[in-house]
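>>> Predicted model and sequence follow; I will ask about them next.
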Amino acid sequence: MSLSRPRILVIDDEPQIHRFLGPALDAAGFELLRADSGQEGLRGIALWSPDAVVLDLGLPDMDGKDVLIRARDFYDGPILILSARDREAEKIQALDHGANDYLEKPFGVGELLARLRAALRQRASAKAPEGPVRSGEVEIDFDRRRVTRAGAVVKVSPKEYDLLARLARGHGKLLTHKDLLVAIWGAAHATDTQYLRVFIGQLRQKLELDPARPRIIETEPGVGYRFSAD
């Protein structure tokens, strides 16, 4: 991340989005960069190396998912999808193609800013030496492969630990069912979502104060899960 104000490139063809986001990003300590088309956005990413990108899927010259795919060939910063498309399949495809998060229009600026801050923290932590991750009373110590809650060791199976560690290393990033299944169980189990539901349920029973109202492992219905780190 740059030493000056973090630069956020917004790729969207709606002028009102830029008028709306400009003052909000400025007040939150960000610098707004603007692109009104996919090609302009790709040039902007290459030229400016922004700290994060907010990308609309409905662009006038090309599909936003194509911009995402091409950008991931040379850009490793956070990309947050902003779109009026609310189908689960659209979210899943964007996340599987490398998006860090997804917000539907209309959206609250407070949530957008929170998602941007989380994505930037994730990028910073990925560059730093890996230390324990905490969420409330729960701590995951990657060096020791140990999970504790309020200082007491929580017994988890190897697969439960691998799943929890994958989520925790996301630092708030929404991970799709497919991402988690392939990472933990292999490509042959990419569609076995029941595996995931069972193991997520087991982890919640062991970690959450109220498993019926999870605060550590959050669900994005039909899409995936995210770990809510402190």
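It's in.
>>> per-residue pLDDT, the residue lying farthest from the centre of the chain?
Relative to the centre of the chain, the most outlying C-alpha is that of residue 152, 29.3 Å out, by C-alpha atoms, centre = their mean. Residue 152 carries a pLDDT score of 94 in this model.
>>> ditto for the one 10 residues further on
Reading off the per-residue confidence, residue 162 sits at a pLDDT of 90.
>>> nearest residue to it other than its sequence neighbours?
With sequence-adjacent residues excluded and distances taken as C-beta to C-beta, 6 or more residues apart in numbering, residue 162 is closest to residue 184, at 5.2 Å. Backbone N, C-alpha and C define where each C-beta goes, glycine included.
>>> And for residue 219?
Once flanking residues are discounted, residue 219 sits nearest to residue 225: 5.9 Å by C-beta to C-beta, 6+ apart.
>>> Confirm the one you found sits in a strand?
Yes. According to DSSP: H, G, I helix; E, B strand; the rest coil, the state of residue 225 is that of a strand.
>>> does it really touch residue 214, like I thought?
No. Using C-beta atoms under 8 Å, residue 225 is not in contact with residue 214; the gap is 9.3 Å.
>>> which residues does the residue farthest from the centre of the chain form a beta bridge with?
residue 149 (DSSP bridges).
>>> could you measure it against residue 146, distance?
From residue 152 across to residue 146, the span is 11 Å (C-beta to C-beta, to the nearest Å).
>>> next one: residue 102
Noted for residue 102: a distance of 32 Å to residue 146, by C-beta to C-beta.
>>> and these two? which has more neighbours close in?
residue 102 (22 against 14; other C-beta atoms under 10 Å).
>>> What's the first helix or strand after the strand or helix carrying the more buried one?
For residue 102, the element it lies in under DSSP states H and E is strand 101-104. Downstream of strand 101-104, the first helix or strand assigned by DSSP H and E is helix 109-127.
>>> Please report phi then psi for the nearest residue to residue 38 once chain neighbours are set aside.
Excluding its sequence neighbours, the residue lying closest to residue 38 (C-beta to C-beta, 6+ apart) is residue 62, at 3.9 Å. Backbone geometry at residue 62, expressed as degrees, to the nearest 10, gives phi -160, psi 160.
>>> Residue 15 now?
Torsion angles, degrees, to the nearest 10, at residue 15: phi -60, psi -30.
>>> Look at it and say how many residues are nearby.
Residue 15 has 10 nearby residues by other C-beta under 10 Å.
>>> Check residue 215 too.
By other C-beta under 10 Å, 14 other residues sit near residue 215.
>>> Can you give me the distance of it to residue 92?
Counting by C-beta to C-beta - residue 215 and residue 92 are separated by 24 Å.
>>> Please apply the same query to residue 13.
24 Å.
>>> what's the strand holding residue 102 packed up against?
strand 79-83, helix 88-96, helix 109-127 (3 or more C-beta pairs under 8 Å, 6 or more residues apart in numbering; DSSP states H and E).
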